[in-house]
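Chemist: starting from these lines, generate the structure:
(chains A and B)
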Number of protein chains: 2
Amino acid sequence: MKANVMMNRALSIRTKNKSTPSKGHGRGRGFTFRSLRESVQPELSRKLFRLIKLENDLIHTYEAAGRERTAIATQLSEWGEQTSDEAVNDISDKIGVILSEMGGLEETYGNSLDLSRTHLKMIRDTERSVQPSRDGKSKLYDEFQKLKAKEPQSARLVLLEQELVRAEAENLVAEAQLTNVTRQKLKEAYDVEFTAIIERAEKQIILAKHGRRLLELLDDKALSPGDVRMPYENGAQARQVLNDAEDDLKEWQPEHHHKALSENGSETSKGKSPVEPSA
Amino acid sequence: MKANVMMNRALSIRTKNKSTPSKGHGRGRGFTFRSLRESVQPELSRKLFRLIKLENDLIHTYEAAGRERTAIATQLSEWGEQTSDEAVNDISDKIGVILSEMGGLEETYGNSLDLSRTHLKMIRDTERSVQPSRDGKSKLYDEFQKLKAKEPQSARLVLLEQELVRAEAENLVAEAQLTNVTRQKLKEAYDVEFTAIIERAEKQIILAKHGRRLLELLDDKALSPGDVRMPYENGAQARQVLNDAEDDLKEWQPEHHHKALSENGSETSKGKSPVEPSA
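Modeler: Numbers count the residues shown, from 1 in each chain, chains lettered A, B, ... in the order given. Have a look, this model is predicted:
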């Protein structure tokens, strides 16, 4: 219910967060190894360093979800086997196959998150390398101003000014690199992320739909005491459902998504700018 | 890649698992509290007891994923704020809103898993209650057979036979209840699960698509050293993207899914039986 609709007018996550501080992961840090490691990062890259750590936690969480889902799939199948009900046995085993594929999707998604993370790391590394350039320039500037005030005739002033001009030129390059890398890699990181979310979601829908077809093959008409179930005859159909699921996954393509969008324009039709990426 | 296509001809999870035993969560148990608690379950309900425990682990994992995603969203926004790049600031904050919604979806999904789990619990409870009925019947039967062999003229034989007939009648009812509850609740449990997967997936797709639109609003043309970025003018558009995302989530309906299916029949068109649930 809560997440059904986006938090009313939550047009910034920042303001939203201000009202409920200290909730969530890793805020209000104490003296831990993590915060120690963090504190040796240059100021500029510290927040991104932390973000990259958090992304790593999330990757592990999705890997765990994948493993747990697979364990559930196996357990469901084993339970079905011991019911000595042929229909429950077959259907639970095949639902197990579907669930196990779902688990695989979580693991694949974890891999994509890791790829997204490498883009963020490139921003972090650039931030890290720009910090000394800023520091160097600002140190030279302070030195130059101090000397100029103290000994306006000093011969070193000329040398210092030359050094400062060189440092400013070097820093201009560094800052251009920073803005270029930041914007390009931020886009790449989250494009990978959103693309992976869509792929996982579309494949989950395929699997869940076929999973529902499997459920329909299980006759759940209520029996009276002493009645006997009709013999289970849906084995071939159940096998076909798995074949269909396999075919649909095989045929899935990322393009499918965009094509479908432009064909019926269902979700981007009402007053939105046409900024959907072209590939 | 691995999970791209279903494991070749893996038409049973059970056989697949036989070839790689002892992998995954909780197999090969040692002397833990969990296995102790498990061992006091009647034989019949033990496997389901374990399955329900595993489902609980998975719920906690998705709750963790939700929390971690929200922490990432906040961190991304805070990073953007300190870049002192107005465009990166605005876009990262709004991507944070999208990611935070994604986190909320994982938590909602965890709640649905919990609902699915209550259906499995009803099967487990029925299994548990049927075990004494089976045991009682079989004990009486053994007693009756033994006495008949030892003292064929015993007056107790008649009484025992009456008791046995009553126990058999009671057991017939119990077994009918078991098959009815097992099949109905198994279907309900996984129908809830698959429906929740589809809802989460469809909403994730909505959010990811709007997330991509946000990325397109970030100009990543490479700057030369000394160049200055054009002033950021996409703030209103970015806000509109969040409004659109909010509207799409509000308008989302579970029916949408099935309707879309029957309209274009895209995924169930090739030789599949029409067993899609009607609601």
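Chemist: drop to CA atoms for contacts and neighbour counts, all remaining ones
Modeler: Will do.
Chemist: distance from the host helix or strand of A:Lys47 to the middle of the chain?
Modeler: Per DSSP states H and E, A:Lys47 falls inside helix A:46-82. Here the centre of helix A:46-82 is set off from its chain's centre by 13 Å, with C-alpha atoms, centre = their mean, to the nearest Å.
Chemist: indicate whether whichever helix or strand comes after that helix makes contact with chain B.
Modeler: With elements assigned by DSSP H and E, the helix or strand that comes after helix A:46-82 is helix A:86-150. Yes. Applying C-alpha under 8 Å from any C-alpha of the partner chain, one finds helix A:86-150 touching chain B at A:88, A:93-94, A:96-97, A:100-101, A:104-105, A:108.
Chemist: from the contact counts, what lies against helix A:86-150?
Modeler: Judged by 3 or more C-alpha pairs under 8 Å, 6 or more residues apart in numbering or on different chains; DSSP states H and E, the packing partners of helix A:86-150 are helix A:46-82, helix A:156-216, helix A:235-251, helix B:13-19.
Chemist: mind putting the residues of helix A:86-150 next to chain B into TSV with neighbour count and distance to A:Leu218?
Modeler: Rendered in TSV, the data for the residues of helix A:86-150 next to chain B read as follows (neighbours: other C-alpha atoms under 10 Å in any protein chain shown; distance: C-alpha to C-alpha, whole Å):
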residue	neighbour count	distance to A:Leu218
A:Val88	26	7
A:Asp93	26	12
A:Lys94	27	12
A:Gly96	28	15
A:Val97	28	16
A:Ser100	24	20
A:Glu101	25	21
A:Gly104	24	25
A:Leu105	25	26
A:Thr108	22	31
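Chemist: so which of those comes closest to A:Leu214?
Modeler: When the residues of helix A:86-150 next to chain B are ranked by distance to A:Leu214 (C-alpha to C-alpha), A:Lys94 comes first, at 7.6 Å.
Chemist: ok, the closest one - contacts?
Modeler: Contacts for A:Lys94 were tallied using C-alpha atoms under 8 Å, 6 or more residues apart in numbering or on different chains; they are A:77, A:214, A:238-239, A:242, B:11-13.
Chemist: looking at those, which is nearest A:Leu207?
Modeler: Scanning the contacts of A:Lys94 for proximity to A:Leu207, where the rule is C-alpha to C-alpha, the winner is A:Leu242, at 9.1 Å.
Chemist: dihedrals phi and psi, A:Ala222?
Modeler: Dihedral angles phi and psi of A:Ala222 (degrees, to the nearest 10) take the values phi -70, psi 130.
Chemist: so what's the residue nearest to it when sequence neighbours are not counted up against?
Modeler: In space, A:Ala222 comes closest to B:Asn180 once its chain neighbours are excluded; the distance is 5.3 Å by C-alpha to C-alpha, 6 or more residues apart in numbering or on different chains. Residues in contact with B:Asn180 (C-alpha under 8 Å, 6+ apart) are A:220-223.
Chemist: can you redo those as CSV with distance to B:Asp114 and secondary structure?
Modeler: Formatted as CSV, those follow (distance: C-alpha to C-alpha, whole Å; DSSP: H, G, I helix; E, B strand; the rest coil):
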residue, distance to B:Asp114, secondary structure
A:Asp220, 22, coil
A:Lys221, 25, coil
A:Ala222, 25, coil
A:Leu223, 28, coil
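Chemist: in ChimeraX, how would I select just the buried ones from those?
Modeler: Buried residues among the contacts of B:Asn180 (16 or more other C-alpha atoms under 10 Å in any protein chain shown), as a ChimeraX selection:
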select /A:220,223
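Chemist: make TSV from the contacts of B:Asn180 and add pLDDT to it.
Modeler: Shown next, in TSV, are the contacts of B:Asn180 (pLDDT from 0 to 100):
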residue	pLDDT
A:Asp220	94
A:Lys221	94
A:Ala222	94
A:Leu223	93
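Chemist: biggest separation within the contacts of B:Asn180, which pair?
Modeler: For those, the farthest-apart pair by C-alpha to C-alpha is A:Asp220 and A:Leu223; their separation is 8.6 Å.
Chemist: sorry, back to before: of the helices and strands packed on helix A:86-150, which is nearest B:Asp248?
Modeler: Using C-alpha to C-alpha, the nearest of the helices and strands packed on helix A:86-150 to B:Asp248 is helix A:156-216, at 15.8 Å.
Chemist: tell me how far A:Glu202 lies from chain B.
Modeler: For A:Glu202, the distance to chain B (C-alpha to the nearest C-alpha, to the nearest Å) stands at 7 Å.
Chemist: got a list of what that residue touches?
Modeler: Contacts of A:Glu202 by C-alpha under 8 Å, 6+ apart are B:201-202, B:205.
Chemist: one more time with 7 Å, if that's ok
Modeler: A:Glu202 makes contact with B:Ala201 under the criterion C-alpha atoms under 7 Å, 6 or more residues apart in numbering or on different chains.
Chemist: what does A:Asn89 give?
Modeler: By C-alpha under 7 Å, 6+ apart, the residues touching A:Asn89 are A:80-81, A:83.
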